[in-house]
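Chemist: Pasted the sequence and its predicted model underneath.
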Amino acid sequence: MNAMESAETNLKINIKKHKIKDLKITLVGHAGAGKSTFINSVFSTSRGRMVDLVGVKSENVAGLGTLKFDGTKAGPDDMFQSVTFFDTMGFSRSGNKCSGISEADLKRVCNGEIKIRHQFNLDTTKAATPKYRPNCVIFVASAEVMLNLDIMTDSTLKDQLKGLNACVPRDIAKIAVVTKCDNICNDTAKDASNIFKSRIVERVVKRAASTFGLQENKVFPIVNYTKEVETNTKLNVPIMYALRYALDYATDRVEDPLSDED
Ligand SMILES: Nc1nc2c(ncn2[C@@H]2O[C@H](COP(=O)(O)OP(=O)(O)O)[C@@H](O)[C@H]2O)c(=O)[nH]1
Ligand SMILES: [Mg+2]
């Protein structure tokens with residue numbers, strides 16, 4: 001067994017430990033970050049075959065992506081059994097008008113004050129119970145956006161990304177996933193195991209950590225399943241690292257809800 005294969009085996013063991021508690025994981029980030037694709041990637045990795053559970057926006061077709069708040073729950077085929085992933089609308093803008101998720105809805109999502117099938121930016125009623133309050137929020141950004149953050153003429157996106165941390169209550173775990181690392185590093189595009197050796201990926205991880213206000217070990221670079229027809233160890237391992245730590249940190253917060261209190 002090579003190093004990637006043994007990492008995959010160990011990750012699987014750790015992920016499979018999360019069977020008992022119901023965990024909720026909510027994804028937030030800019031439009032086109034790969035949030036919906038990441039949910040499909042996680043379930044593909046888990047089931048060992050391509051799955052298409054969440055609608056993904058085509059890069060070339062105009063559209064807003066996710067319009068309603070909804071969750072995808074793990075089933076008997078999954079290596080994690082009681083986890084639900086919640087997808088959200090991304091933030092975006094056209095001209096100087098913000099067209100993606102509003103700040104109010106973003107806060108609602110992170111606080112769990114949201115009803116299932118809530119229509120983003122249209123429904124204004126809060127949920128009566130915190131049934132969909134996440135145990136972990138994943139900040140999702142694409143590697144290209146992270147790489148170009150400092151040369152962007154428009155600072156709104158940067159401000160929105162920097163603002164995410166403050167949207168999440170202190171007792172909820174946070175990690176970040178940087179997608180599309182194949183688009184910034186040719187070696188990673190050719191062989192996804194190079195993701196852990198790439199200098200440019202390392203730079204992007206550092207930038208994501210400072211943008212999101214997270215420790216570097218809470219930022220996970222990945223390549224989503226978009227071109228493959230079968231799952232493979234090299235794409236699985238980075239995805240499983242992100243998943244494993246999301247589940248671990250989410251569980252820690254469930255077990256010790258006061259850990260972050262002063
Ligand atoms: N090359 C590449 N494309 C990706 C990756 N992740 C997502 N995409 C593409 O990016 C586009 C937007 O993805 P989507 O999941 O709809 O983004 P969302 O708006 O955050 O939900 C889709 O065309 C995906 O196929 C990745 O890791 N690598
Ligand atoms: Mg989406």
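Modeler: Right, received. Where do you want to start? Ligands and ions are numbered 1, 2, ... in the order given.
Chemist: residues from this protein in reach of ligand 2?
Modeler: With CB under 5 Å from the ion as the criterion, the chain meets ligand 2 at residues 36, 65-66. The way it works is simple: take the backbone N, C-alpha and C, and place the C-beta from them, glycine included.
Chemist: top of these by neighbour count?
Modeler: With neighbours defined as other CB atoms under 10 Å, the most crowded of the residues of the chain next to ligand 2 is residue 36; it has 24 neighbours.
Chemist: now what about the host helix or strand of that residue, what contacts it?
Modeler: Per DSSP states H and E, residue 36 falls inside helix 35-47. For helix 35-47, contacts defined as CB atoms under 8 Å, 6 or more residues apart in numbering pick out 15, 27-29, 50-57, 65-66, 72, 74, 77-80, 85, 87-88, 90, 138, 140, 177, 179, 222, 224-226, 231, 235-236, 239-240, 243.
Chemist: contacts with ligand 1 among the residues you listed, please.
Modeler: 29, 56-57, 65-66, 90, 179, 224, 226 (CB under 6 Å from any ligand atom).
Chemist: Can you tell me which of those is closest to residue 154?
Modeler: residue 90 (15.8 Å; CB to CB).
Chemist: show me the contacts for the closest one.
Modeler: Contacts of residue 90 by CB under 8 Å, 6+ apart are 28-33, 35, 65-66, 100-101.
Chemist: among these, who's most crowded?
Modeler: residue 35 (31 neighbours).
Chemist: any idea how far residue 72 is from it?
Modeler: Noted for residue 35: a distance of 12 Å to residue 72, by CB to CB, to the nearest Å.
Chemist: Now for the two: what residues contact both?
Modeler: Applying CB under 8 Å, 6+ apart, one finds that residue 35 and residue 72 are jointly contacted by residue 87.
Chemist: Quick one: the helices in the stretch 101-250 of the chain, in order.
Modeler: Ranges of helices in the stretch 101-250 of the chain, per DSSP state H, counting those that start in this stretch, are 103-111, 143-148, 156-167, 186-190, 199-212, 233-255.
Chemist: Dump those into TSV; add mean pLDDT and mean neighbour count as well.
Modeler: Output for these, formatted as TSV (pLDDT from 0 to 100; neighbours: other CB atoms under 10 Å):
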stretch	mean pLDDT	mean neighbour count
helix 103-111	91	19
helix 143-148	96	21
helix 156-167	92	16
helix 186-190	98	16
helix 199-212	98	18
helix 233-255	93	21
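Chemist: For these, could you give me CSV that also reports distance to residue 126?
Modeler: Shown next, in CSV, are the helices of the stretch 101-250 of the chain (distance: least, CB to CB, whole Å):
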stretch, distance to residue 126
helix 103-111, 7
helix 143-148, 30
helix 156-167, 15
helix 186-190, 42
helix 199-212, 26
helix 233-255, 22
